[in-house]
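> here's a sequence, model it:
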Amino acid sequence: MGALNNALSDALKSLTNNFAGIFNGTNPLTQFQIGQVLGTNIPGVPIISSRDYFLAQLNSWVSTPALQSQWILLIDGFPPALNSGMMKNLERTGGVNAAYDINAARTILTLYPFANVAGCIFANTVQIPGESYAVADASVENNRGFIPGIISGNREGYAGKPLEIGFLETNTSFIDNVMRPWVMLASHLGHVTRKDKRYNVKTNISVYFYSKTFQNLNMIPRKVFRFYNCVPTLVQQQLFDYSEKDTVPGYTVNFSYTNYTVENNLYLPLPQLIKTIQNNASALIPKVSPLQQ
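A predicted model of the protein is given here:
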C-alpha cells in the first residue's frame, strides 16, 4: 500500500504543479500574463489556446469521457426460499404439478457462469436512481420587497426511486423463473429480517462501471454503486404481438433498497496500473508545451 500511496501522491503532485504553473508563468499554456500583454515580458514559446488545452486534457485518464456500455451487474445471492416447494405452498396451482416448478431453471440460471463471470449476463440495462431533497422559501412575516431565503426540507426517500434493471428474455426465462417468483415470494414473506436466513428475501446488488487504463492493461472499475437489502417489487408487464420483430424485448424489474454507497477506484490495489504511473507519473497530463513540467 505504501507504493500505491506514493504513486498516487506523485501523480496528484504532478497534476497540481502543472495547473499552478499556468498562473505563475512557469507553464504558460493558455493566455498571456499581464506583463506579457504590456510588453514587459516576451513569451519564449508559442502560446497554446484554451481550446487546444481543453481537448488535450480529455486525453488524460483523469478527465477522459466515460464509456456508456462498459458495466456489469452482480447480484450477491438469491433467497433460499425461492424454490418449487415454497411457491407451490404459497400460490394456487390449480392441481397442475408443473406449476411453479422452478427448481431446475433457478439452479441453471443462477450458476456461476451466468451470474458471476461477467456479472449477471441477463441484465442489459440499469437505471441508477438520483438524489433530491425539498427546498422552500423561508417564511418571513411582512418581508415586503425582500426576497426570502431558501431553506432545505426533507430528503426524498428511496421508496419512490427504485433501482430499475432491464433483463433479457431468453428461452429459459430468467425473468419468469427467477424474478417473477421472487416478487411473489417477497409479497408473502415481507421485508422482515429473520434469524432463520432461509426465509430472508433480501440481497445486495453491485454495479461496476469500467474504464480503459493503459495499452496492454486490463480495464478497471472507475466507480461502483452498491445497493443494500434489495428486493424486487415489480416485474413490468410485457406485450407480445405478431410484429416484424424477431426477438422479445426485455422486461424491467424494480428493486427496493435501504441504502447505497458509491466507491471510486483510487484505493484499489492495481499493481500493473500503478507500475505504469510510477514509470511515467506525468502520464496523467498530456504534453502540450515544451515548458510543461
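
> can you pull out the helices in the stretch 151-293 of the chain?
Under the criterion DSSP state H, counting those that start in this stretch, the stretch 151-293 of the chain contains helices at 174, 180-189, 271-279.

> least confident of those helices, on average?
Lowest mean pLDDT of the helices of the stretch 151-293 of the chain: helix 271-279, a mean of 53.

> wait, is Ala134 part of a strand?
Yes - judged by DSSP: H, G, I helix; E, B strand; the rest coil, Ala134 forms part of a strand.

> neighbours around the residue nearest to it when sequence neighbours are not counted, how many?
Spatial nearest neighbour of Ala134, chain neighbours left out: Gly153 (3.3 Å); criterion: Cβ to Cβ, 6 or more residues apart in numbering. No exception for glycine: its C-beta is placed from N, CA and C like everyone else's. Gly153 has 10 neighbours, counted by other Cβ atoms under 10 Å.

> from Pro80, how far out is Gly153?
Plainly put, Gly153 is 41 Å away from Pro80 if you go by Cβ to Cβ, to the nearest Å.

> do the same with Ala118
25 Å.

> please enumerate the strands of the stretch 101-250 of the chain.
Secondary structure of the stretch 101-250 of the chain (DSSP state E, counting those that start in this stretch): strands at 123-127, 133-137, 150-155, 163-167, 203-211, 220-235.

> so what are the sheet partners of the longest one and their directions?
So that's strand 220-235. Using DSSP bridges, strand 220-235 pairs in its sheet with strand 203-211 (antiparallel), strand 251-256 (antiparallel), strand 259-264 (antiparallel).

> what residues does it touch?
For strand 220-235, the external contacting residues (Cβ atoms under 8 Å, 6 or more residues apart in numbering) are 66, 128, 162-163, 175, 179-180, 182-183, 186, 191, 201-211, 213, 251, 253-265, 268, 270, 273.

> may I have that strand as CSV, with CA atoms only?
The C-alpha trace of strand 220-235 is given here as CSV (Å, rounded to 0.1, in the frame of the first residue of the first chain):
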residue,chain,number,x,y,z
ILE,A,220,-10.7,-1.4,-14.2
PRO,A,221,-13.8,-0.3,-12.4
ARG,A,222,-13.8,3.5,-12.3
LYS,A,223,-16.8,3.6,-9.9
VAL,A,224,-19.0,1.1,-8.1
PHE,A,225,-22.6,1.6,-6.9
ARG,A,226,-23.6,-0.9,-4.1
PHE,A,227,-27.3,-1.2,-3.2
TYR,A,228,-28.1,-3.0,0.1
ASN,A,229,-31.0,-5.1,1.1
CYS,A,230,-32.5,-5.2,-2.3
VAL,A,231,-35.9,-6.8,-3.0
PRO,A,232,-37.7,-7.0,-6.4
THR,A,233,-41.1,-5.3,-6.1
LEU,A,234,-42.3,-5.1,-9.7
VAL,A,235,-42.0,-7.1,-12.9
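
> report the distance from it to the chain centre.
Distance of strand 220-235 from its chain centroid, counting by Cα atoms, centre = their mean, to the nearest Å, is 8 Å.

> with the fourth one instead?
Here the centre of strand 163-167 is set off from its chain's centre by 13 Å, with Cα atoms, centre = their mean.

> what is the orientation angle of it with strand 220-235?
Orientation check (axes from the mean of the first three to the mean of the last three Cα atoms, to 10 degrees): strand 163-167 against strand 220-235 gives 90 degrees.

> so which residues make contact with the helix or strand just after strand 163-167?
Per DSSP states H and E, the first helix or strand lying C-terminal to strand 163-167 is helix 174. If you take Cβ under 8 Å, 6+ apart as the criterion, helix 174 is touched by Leu109, Phe122, Phe167, Leu168.

> on the strand side of things, show who the third one bridges to.
Read that as Phe167. In beta-bridge terms (that is, DSSP bridges), Phe167 pairs with Ala123, Tyr251.

> and the contacts of helix 174 as a markdown table, adding distance to Val224, pLDDT and neighbour count?
As requested, the contacts of helix 174 are exported to a markdown table (distance: Cβ to Cβ, whole Å; pLDDT from 0 to 100; neighbours: other Cβ atoms under 10 Å):
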| residue | distance to Val224 | pLDDT | neighbour count |
| --- | --- | --- | --- |
| Leu109 | 24 | 96 | 22 |
| Phe122 | 20 | 95 | 23 |
| Phe167 | 21 | 96 | 23 |
| Leu168 | 23 | 93 | 18 |
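
> out of those residues, who's nearest Val135?
Nearest to Val135 among those: Phe167, at 36.4 Å, using Cβ to Cβ.

> many thanks, have a good one.
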